[in-house]
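Trainee: no FASTA, just this:
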């Protein structure tokens, strides 16, 4: 029983010590394809908006790619955009000025996730709308 309790405490510390995670659904995207990413930020003290998120080129220069951000719940955001015809290469989804609390200390950091844009016209996936929310407990369970 003591071992189980110790395991739960260690697991709890590990789970809550990770305050940010960016999951890009694919490492490579093509022009015209829908880019999708899920952002998980815990203990935020300020909500994320589109001004916090940019798509940067490989030289860290801001691109002109516009994106849509949707808040799913208190901790999860969904970002998506249709990849325009841009220069092929490496890009970053850059989340700046994230304000959160960690161990009762207020922190402000930037987070990023790399992905690649390729100029190809095979195996494309374009979704409209970029996401749906399904909640079986609600009367109208699709949003």
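Mentor: That came through fine. Keep in mind the model is a prediction, meaning the values are calculated, not measured.
Trainee: just the helices in the chain please.
Mentor: 2-17 (DSSP state H).
Trainee: Where does the prediction get shaky in it?
Mentor: 1-18, 121-143 (pLDDT under 70).
Trainee: In it, which residue is most central in space?
Mentor: In the chain, the C-alpha closest to the average C-alpha coordinate belongs to residue 39, at a distance of 2.8 Å (CA atoms, centre = their mean).
Trainee: Please point out which parts of stretch 89-108 sit buried.
Mentor: 91, 92, 93, 94, 95, 98, 99, 100 (16 or more other CB atoms under 10 Å). Where C-beta positions appear, they are placed from N, C-alpha and C, glycine not excepted.
Trainee: Could you dump those residues into CSV and include distance to residue 62?
Mentor: CSV is the format used below for the buried residues of stretch 89-108 (distance: CB to CB, whole Å):
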residue, distance to residue 62
91, 11
92, 10
93, 12
94, 9
95, 13
98, 18
99, 21
100, 24
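Trainee: of all those residues, which comes closest to residue 109?
Mentor: Closest to residue 109 out of the buried residues of stretch 89-108 is residue 98 (5.6 Å), distances taken as CB to CB.
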